[in-house]
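J.: Turn this into a model:
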Amino acid sequence: MTTAILGVGVMGETILTGLLAAGTDPASLRITTRRAKHQARLRAKYPAVEVTGNTAAAGWADTVLVVVKPQDVADVLTEIGPALRPGALVVSLAAGVETATLERHLPAGHPVVRVMPNTPAAVGEGMAAISAGAHADDAHLERVAQILSAVGQVVVVPEKYQDAITAIAGSGPAYVMFVVEAMIDAGVMLGLPRGTATELVIQTVFGSAKLLRDSGQHPTVLRENVTSPGGTTAAALREFESHRVKAAFMDAMEAACRRSQELGRSQP
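T.: Numbers count the residues shown, from 1 in each chain. The predicted structure follows:
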């Protein structure tokens, strides 16, 4: 199988490096970017992978990954549509763009798959949700899952869940970083050197995530394991409750979901 990655920015390059690290033949890959300076950098960094234009790459590949901003998807699909090989699979990683929109900008009958990835893919720990369009079958979904498994975990979901998944997994790393920032700043406020506070918080978050994943226990159980009656953790959690932190998180994710829906409705 041959794969083209159109728009090799941060996520596109993450997928590229994951595929190469997994042993994908560089000759089976082609990549694109519009900026000449970026093209030169990619050619120098990945000399065995051909860097070309969108139309040439799309016309060559069995699978075409479109890794551009939501507002640019329609233009890219209109550009590459006439060049696509019969039956070529088109995969969009743009937030909020529905498969029906993708299909509308492509020649009739082309299979499409919608993907919501996230940035931990850069360290091989991504979480991607994939959904089939009207003409995509299980084999197409499996092909996409194989590509994305090079950079993390993959789950197949009905498309109706994609906006919620965007709010949870797609934007989720930013929420975690926000909490990490707050914890580090609190450590500094309490008198710790910033470097020490940073090391403590990062390892605490990493260890807690690994405990949650590996133990199989519900997060409530794990939280209660740390919370002694009348202790320091209980005092901290009481402050979270008084400031409605859980409610704020839920409101924030609802806002992210609404924004994903708005991005979908704004597509031409």
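J.: For the rest of this, base every contact and every neighbour count on C-alpha atoms.
T.: Noted.
J.: mind checking the longest strand of the chain?
T.: strand 126-132 (DSSP state E).
J.: What residues of the next helix or strand after that strand count as buried?
T.: Later in the chain than strand 126-132, the nearest helix or strand by DSSP states H and E is helix 138-148. For helix 138-148, the neighbour count (16 or more other Cα atoms under 10 Å) marks 140-141, 144-145, 147-148 as buried.
J.: again, but for stretch 72-83
T.: Neighbour counts over stretch 72-83 (16+ other Cα under 10 Å) mark 73-74, 76-77, 79-81, 83 as buried.
J.: again with stretch 110-130
T.: In stretch 110-130, the ones that count as buried by 16+ other Cα under 10 Å are 110-122, 124, 126-130.
J.: which residue lies farthest from the center of the protein?
T.: Gly230 (40.4 Å; Cα atoms, centre = their mean).
J.: about what we covered before: give me the residues contacting the longest strand of the chain.
T.: With contacts defined as Cα atoms under 8 Å, 6 or more residues apart in numbering, strand 126-132 is touched by 99, 112-121, 141, 144-145, 148, 151-159, 162, 165, 169.
J.: can you state the direction angle for that strand and helix 138-148?
T.: With axes from the mean of the first three to the mean of the last three Cα atoms, to 10 degrees as the basis, strand 126-132 and helix 138-148 are set at 160 degrees to each other.
J.: Alpha carbons only: can I get strand 126-132 in PDB?
T.: The C-alpha trace of strand 126-132 is given here as PDB (Å, rounded to 0.1, in the frame of the first residue of the first chain):
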ATOM      1  CA  GLY A 126      -1.800   8.900  21.000                       C
ATOM      2  CA  MET A 127      -5.500   8.200  21.200                       C
ATOM      3  CA  ALA A 128      -7.300   8.300  17.800                       C
ATOM      4  CA  ALA A 129     -11.000   7.800  17.100                       C
ATOM      5  CA  ILE A 130     -11.900   6.800  13.600                       C
ATOM      6  CA  SER A 131     -15.300   6.700  11.800                       C
ATOM      7  CA  ALA A 132     -16.300   5.500   8.300                       C
END
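J.: Name the strands paired with it and say parallel or antiparallel.
T.: strand 112-116 (antiparallel), strand 152-156 (parallel) (DSSP bridges).
J.: Name the nearest of the buried residues of helix 138-148 relative to Ala4.
T.: Checking the buried residues of helix 138-148 against Ala4 by Cα to Cα gives Ile147 as the nearest, at 11.5 Å.
J.: Quick check, that closest one in contact with Leu19.
T.: Yes - here Ile147 reaches Leu19: they are 6.9 Å apart, a contact under Cα atoms under 8 Å.
J.: Mind splitting this structure into its structural domains?
T.: With domains defined by automatic domain parsing, the chain comprises 3-162, 172-264.
J.: Out of those domains, which one sits most buried?
T.: domain 3-162 (a mean of 19; mean count of other Cα atoms under 10 Å).
J.: what about that one, start to end distance?
T.: This stretch, domain 3-162, spans 24 Å end to end (Cα to Cα, to the nearest Å).
J.: chain center to it, what's the gap?
T.: 12 Å (Cα atoms, centre = their mean, to the nearest Å).
J.: Tell me if Ala95 really is in a strand.
T.: No - counting by DSSP: H, G, I helix; E, B strand; the rest coil, Ala95 is not part of a strand but coil.
J.: Now do the contacts for it.
T.: Applying Cα under 8 Å, 6+ apart to Ala95 gives the contacts 69-70, 116, 166, 260, 263-264.
J.: Tell me how far it lies from Ile15.
T.: 16 Å.
J.: can you check Val188 too?
T.: 36 Å.
J.: Now mean pLDDT too, for the domains of the chain, in CSV please.
T.: CSV is the format used below for the domains of the chain (pLDDT from 0 to 100):
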stretch, mean pLDDT
domain 3-162, 96
domain 172-264, 96
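J.: any residues touching the host helix or strand of Lys37, and which ones?
T.: Using DSSP H and E, Lys37 sits in helix 36-45. With contacts defined as Cα under 8 Å, 6+ apart, helix 36-45 is touched by 32-33, 49-51.
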